[in-house]
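A.B. asks: Fold the stuff below for me.
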Amino acid sequence: MADEATNRVAFMIQHHYCTVMAAPITARVCQALSTAVSRDSRTGARVLDWPGEPTADALPLRLVGGLHALHRDGTAPDLSQVFSGEITDEAAVARIIGETLVAHDDALFGWLDSPPQTNEPGRSAALMTGLIDVVRRFDQPIALLEIGSSAGLNLMIDRFGFDLGGSRYGPADAAVTIRPEWRGDAPPPADVRFASIRGVDIQPIDARDPANARRLAAYAWIDTPERIARIEQVIALINADPPRLDAGDAAQWVAERLAEPQAAGETRVLIHSVVWQYLGAARQATIRESMAMAAARATPERPLAWVRMEPNKQSAVQEVWVQAWPGAAAPRRVAQSHAHGTWVAPTDPADTPPDGDFVSGGAGYWENAATRKLAGA
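C.D. replies: Predicted structure coming up:
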């Protein structure tokens, strides 16, 4: 069980991540929360007594989302001066946030109930680097399976246009184009097609509900207004034609989907982004086992691949890894990325570091052991 000091440190860990990701306003809010949270409110007491691992539970971002929602609603003028960047003094920011936690206790308390469910659509650009790698290997349409789909924003990937360093993918008439800062050579041409797309989330969000759309926008950081605009664009696509999104346990869902017949001439691909840490050891082990069993059945006519964008918590960047069967199934790191897909940097798979094999139970440095080091704890 975490203690009060550990829960406060979690906000400084998030401050570090926000600083690395060039989000100074959100970083400032996280730093202030590390000291401003108190037992003067139900919300503050719940934070300080948080029973789980606060970083793994995304505790800081739950509260930041609630504060951002207050700013967007215009109901906390002093707080809005912090979120607009007008007030930057450390002591003043801490005072305002501390007062806001008390004054808006009821409105903020419920934001602690669940972790942020952004599933930022900008991440699809990083995931595309893995899908391009898979298509170049097997040259087949993709039957996509995503876990942790949240509101299904990345399930719209077949409707996005992509400009990746000048190389274009997706529909020519796409209403949404993802164009990250590309750091390196453009990826090679590939005909990325989707035979089917399906996702799951333990608590899927219906983005067509205005209240849910408001919540999704609040989870996007104030420092990146382009993210908010893109989320709103993707929600408009969902309103017109929603994706296939199931409610369920990720591990059970993966096992069920992999047990279903696979069409010849299609590559079945499991993807996820910034999800793994939230699953817990038991679900992680079950998914590894399911993938290992499916990998043993893979054939050139019915291949299998695993594409994941997950954080390397020592470097505070995301890494895109690919495993594919049959053939050389060793994991290959194909890209690094900003957590929201703001920039993507292709990497040479030959330089893949060790301990990246999800199927055999590796990838230890993606877990939480290093997080407290980031805050000097």
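
A.B. asks: pretty sure residue 78 is in a strand, no?
C.D. replies: No - Residue 78 is assigned helix when assessed by DSSP: H, G, I helix; E, B strand; the rest coil, not a strand.

A.B. asks: and it, how far is that from residue 42?
C.D. replies: Distance, residue 78 to residue 42, using Cβ to Cβ, to the nearest Å: 21 Å. Just so you know, the C-beta spots here come from the backbone N, C-alpha and C atoms, and that holds for glycine as well.

A.B. asks: Same check on residue 198?
C.D. replies: Residue 198 is 39 Å from residue 42, where distance means Cβ to Cβ.

A.B. asks: what about the stretch 101-250 of the chain, any weak spots by pLDDT?
C.D. replies: Judged by pLDDT under 70, the stretch 101-250 of the chain has its weakly predicted residues at 118-119.

A.B. asks: excluding its backbone neighbours, what's nearest residue 178?
C.D. replies: Leaving aside its chain neighbours, residue 178 sits nearest to residue 125 (4.7 Å; criterion: Cβ to Cβ, 6 or more residues apart in numbering).

A.B. asks: Could you do residue 69 as well?
C.D. replies: Using Cβ to Cβ, 6+ apart and skipping residues adjacent in sequence, the residue nearest residue 69 is residue 218, 3.9 Å away.

A.B. asks: ok, now residue 85?
C.D. replies: Nearest one to residue 85, counting by Cβ to Cβ, 6+ apart, is residue 25 at 5.5 Å.

A.B. asks: Centre of this structure to the edge, which residue is at the far end?
C.D. replies: Most distant from the centre of the chain: residue 40, at 32.4 Å, with distances by Cα atoms, centre = their mean.

A.B. asks: looking at this, residue 335 is in a helix?
C.D. replies: No - applying three-state DSSP, one finds residue 335 to be strand, outside a helix.

A.B. asks: Quick check: it touching residue 348?
C.D. replies: No - Residue 335 sits out of contact with residue 348 when judged by Cβ atoms under 8 Å, with a separation of 10.3 Å.

A.B. asks: residue nearest the centroid of this protein?
C.D. replies: Most central in the chain under Cα atoms, centre = their mean is residue 274, positioned 3.6 Å from the mean C-alpha point.

A.B. asks: contacting residues for it?
C.D. replies: 123, 148, 309, 310, 311, 318, 339 (Cβ atoms under 8 Å, 6 or more residues apart in numbering).

A.B. asks: which of the residues you listed count as buried?
C.D. replies: When these are checked for burial by 16 or more other Cβ atoms under 10 Å, the buried set is 123, 148, 309, 310, 311, 318, 339.

A.B. asks: Tell me if the third one really is in a strand.
C.D. replies: Yes - read with three-state DSSP, residue 309 is one of the residues of a strand.

A.B. asks: hey, where'd the helices end up in this protein?
C.D. replies: All helices of the chain, identified by DSSP state H, fall at 4-20, 24-36, 42-48, 59-73, 77-83, 90-103, 105-109, 123-138, 210-219, 225-240, 250-259, 276-297, 371-374.
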